[in-house]
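Participant: Below is the sequence, then the predicted model.
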Amino acid sequence: MPETTKKNKKIKKTIKRIKKVKKVKTEEMSEETPKPAEETAKNYFETIGRRKTAIARVRLFTCSPAQSIETGNLLINDRNYKEYFPTPSLQKTIEAPFIKLKSLNRFNGTIKVRGGGINGQAEAIRHGLSRALVLFDINFRKKLKKSGYLTRDARAVERKKFGLKKARRGPQWSKR
């Protein structure tokens, strides 16, 4: 009889642990979902952009005419985007949604990006900025969707399989 009570206690403990883990996971998941404009503060729009293994959390602020000196400022991990991405091609990738909408100097933004490589991070930021612009004005959606900036590019590196050199390349065959 005492053995069954011990087993019951162990089962109850594991159930409690599972409930705690589920609760933590649901809280984490709720943080990642993009927040609509009504819930966020009225002065910024927050979204998430993804590409490969890179994740970018974007906050886009609208600029008033008084702030025209500092407009077009994008801070990526507390650094200016031109400093964070020194190559012009990556800078154009980030500026692409603003250039498409002819509103390069109308917005400021803070971006936290992690994971992936430099190109994946730039494309994740572009995805997040496009989503934030759509939250700002729903009429921007048509142009951004046509350009392909709102579509999450799901292409990623295929995993390596056992018995092969890479994902698909097999070992070289030798007759002798």
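Facilitator: Received it, and whenever you're ready, just let me know what you need.
Participant: From here on, just use CA atoms for contacts and neighbour counts.
Facilitator: Will do.
Participant: for the protein, what are the low-confidence residue spans?
Facilitator: Within the chain, the segments meeting pLDDT under 70 span 1-4, 20-42, 64-72.
Participant: From residue 5, how far out is residue 13?
Facilitator: Residue 13 is 12 Å from residue 5, where distance means C-alpha to C-alpha, to the nearest Å.
Participant: what helix or strand does residue 119 sit in?
Facilitator: For residue 119, the element it lies in under DSSP states H and E is helix 118-136.
Participant: nope, residue 142 is what I meant
Facilitator: helix 141-147.
Participant: Which stretches in this protein count as strands?
Facilitator: Taking DSSP state E as the criterion, the chain carries its strands at 44-51, 54-62, 74-76, 79-80, 107-114.
Participant: possible to save those strands as CSV with distance to residue 128 and mean neighbour count?
Facilitator: Below are the strands of the chain laid out as CSV (distance: least, C-alpha to C-alpha, whole Å; neighbours: other C-alpha atoms under 10 Å):
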stretch, distance to residue 128, mean neighbour count
strand 44-51, 4, 25
strand 54-62, 6, 23
strand 74-76, 12, 21
strand 79-80, 17, 13
strand 107-114, 9, 19
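Participant: want to throw those into CSV with distance to residue 169?
Facilitator: Formatted as CSV, those follow (distance: least, C-alpha to C-alpha, whole Å):
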stretch, distance to residue 169
strand 44-51, 25
strand 54-62, 26
strand 74-76, 38
strand 79-80, 41
strand 107-114, 30
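Participant: Which stretch among the ones you listed approaches residue 152 most closely?
Facilitator: Set against residue 152 and scored by C-alpha to C-alpha, these come closest in strand 44-51, at 6.7 Å.
Participant: Each with direction, which strands does the closest one pair with?
Facilitator: strand 54-62 (antiparallel) (DSSP bridges).
Participant: angle of the partner strand against strand 107-114?
Facilitator: Orientation check (axes from the mean of the first three to the mean of the last three C-alpha atoms, to 10 degrees): strand 54-62 against strand 107-114 gives 160 degrees.
Participant: Just the C-alpha atoms of strand 54-62, please, in PDB.
Facilitator: This file holds the C-alpha atoms of strand 54-62, laid out as PDB (Å, rounded to 0.1, in the frame of the first residue of the first chain):
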ATOM      1  CA  ALA A  54      16.900  35.600 -37.100                       C
ATOM      2  CA  ILE A  55      14.100  37.300 -35.100                       C
ATOM      3  CA  ALA A  56      13.700  41.100 -35.000                       C
ATOM      4  CA  ARG A  57      11.400  43.000 -32.500                       C
ATOM      5  CA  VAL A  58      10.500  46.300 -34.100                       C
ATOM      6  CA  ARG A  59       9.100  49.400 -32.500                       C
ATOM      7  CA  LEU A  60       8.200  52.100 -35.000                       C
ATOM      8  CA  PHE A  61       7.600  55.600 -33.800                       C
ATOM      9  CA  THR A  62       5.900  58.400 -35.800                       C
END
